[in-house]
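Peer 1: Below is the sequence, then the predicted model.
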Amino acid sequence: MNLAIVVAMLAGLAAFAAVSALLGHWLLGPVSRAAGQLNAPTRFQLTDFLWLMIELQVLLAGGVGLVGDGLPPRALLVLMTILSLPIIVLWG
């Protein structure tokens, strides 16, 4: 894979992550503030766990697919780190 393509992919992923974070904050910010004022306990549903597992599977499938394409290990590490950030944030 060409280095320019990898850089373009990483830039696209970074832009997607930034837009997703801003959109998530805009959509969920009022709900989060209202829940904080209610002092309600945090509750998780089974679907929350399901979506986290789906994100993890997408991360692993993408990594395995890119290893087969001959992606340099350093670029793969950067890509896997970027893709794992939403999983870490949601688990947190």
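Peer 2: Nice, thanks for sending it over. Numbering: from 1, shown residues only.
Peer 1: Report the residue spans of this structure with pLDDT below the cut-off.
Peer 2: 1, 40, 68-69, 92 (pLDDT under 70).
Peer 1: all helices for this protein, in order.
Peer 2: 3-38, 46-68, 73-91 (DSSP state H).
Peer 1: Any chance of the ones you listed in CSV with mean neighbour count as columns?
Peer 2: C-betas here are computed from N, CA, C, even on glycine. Formatted as CSV, the helices of the chain follow (neighbours: other Cβ atoms under 10 Å):
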stretch, mean neighbour count
helix 3-38, 11
helix 46-68, 12
helix 73-91, 13
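Peer 1: Residue 15 and residue 8, how far apart?
Peer 2: Using Cβ to Cβ, to the nearest Å, residue 15 is found at 11 Å from residue 8.
Peer 1: now residue 42
Peer 2: Residue 42 is 39 Å from residue 8, by Cβ to Cβ.
Peer 1: can you check residue 85 too?
Peer 2: 19 Å.
Peer 1: Residue 90 now?
Peer 2: Taking Cβ to Cβ, one finds residue 90 at 27 Å from residue 8.
Peer 1: Leaving out sequence neighbours, find the closest residue to residue 87.
Peer 2: Among residues not flanking residue 87 along the chain, residue 55 sits closest, at 5.1 Å (Cβ to Cβ, 6 or more residues apart in numbering).
Peer 1: any idea how far that neighbour is from residue 73?
Peer 2: The value you get for residue 55 to residue 73, if Cβ to Cβ is used, is 23 Å.
Peer 1: Name the nearest residue to residue 56, sequence neighbours excluded.
Peer 2: Using Cβ to Cβ, 6+ apart, the closest residue to residue 56 is residue 87 (5.9 Å).
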